[in-house]
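K.L.:
need coordinates for the following:
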Amino acid sequence: MRTTIELSDEHRSLLHSLAARRGLRGYSKVVQEAIEFYLKEKMGKEIDLGAVLNMRGSWDKAEVQRVKKRLAEIRRNWKIV
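P.N.:
I've put the predicted structure just below:
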């Protein structure tokens with residue numbers, strides 16, 4: 001299906017460049033691949049989030065406290081570069 005999208009000049013230029021390096025006349029194929037990649041990434045993350053939410057309540061209070069304490073220790077030792 002054909003559609004219209006708005007692109008910045010920089011994005012359009014980069015898409016043309018990618019397409020040209022692959023021997024393509026236009027950048028439609030590159031955009032299609034980008035959309036497929038994006039959708040797979042988003043759908044995968046939603047599935048992972050669902051799995052995590054299903055585990056809610058599987059730790060007892062002591063385990064939660066141990067994890068919170070360890071995370072606090074890790075965060076104190078993070079080095080900001």
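K.L.:
below-threshold pLDDT in the protein: ranges please.
P.N.:
Scanning the chain for pLDDT under 70 picks out 81.
K.L.:
please enumerate the helices of this protein.
P.N.:
Ranges of helices in the chain, per DSSP state H, are 9-21, 28-54, 61-76.
K.L.:
reformat the ones you listed as JSON lines; add mean neighbour count and distance to residue 2.
P.N.:
The way it works is simple: take the backbone N, C-alpha and C, and place the C-beta from them, glycine included. Formatted as JSON lines, the helices of the chain follow (neighbours: other C-beta atoms under 10 Å; distance: least, C-beta to C-beta, whole Å):
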{"stretch": "helix 9-21", "mean neighbour count": "13", "distance to residue 2": "16"}
{"stretch": "helix 28-54", "mean neighbour count": "11", "distance to residue 2": "9"}
{"stretch": "helix 61-76", "mean neighbour count": "10", "distance to residue 2": "49"}
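K.L.:
let me have the ones you listed in TSV, extended by distance to residue 3.
P.N.:
Shown next, in TSV, are the helices of the chain (distance: least, C-beta to C-beta, whole Å):
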stretch	distance to residue 3
helix 9-21	15
helix 28-54	10
helix 61-76	44
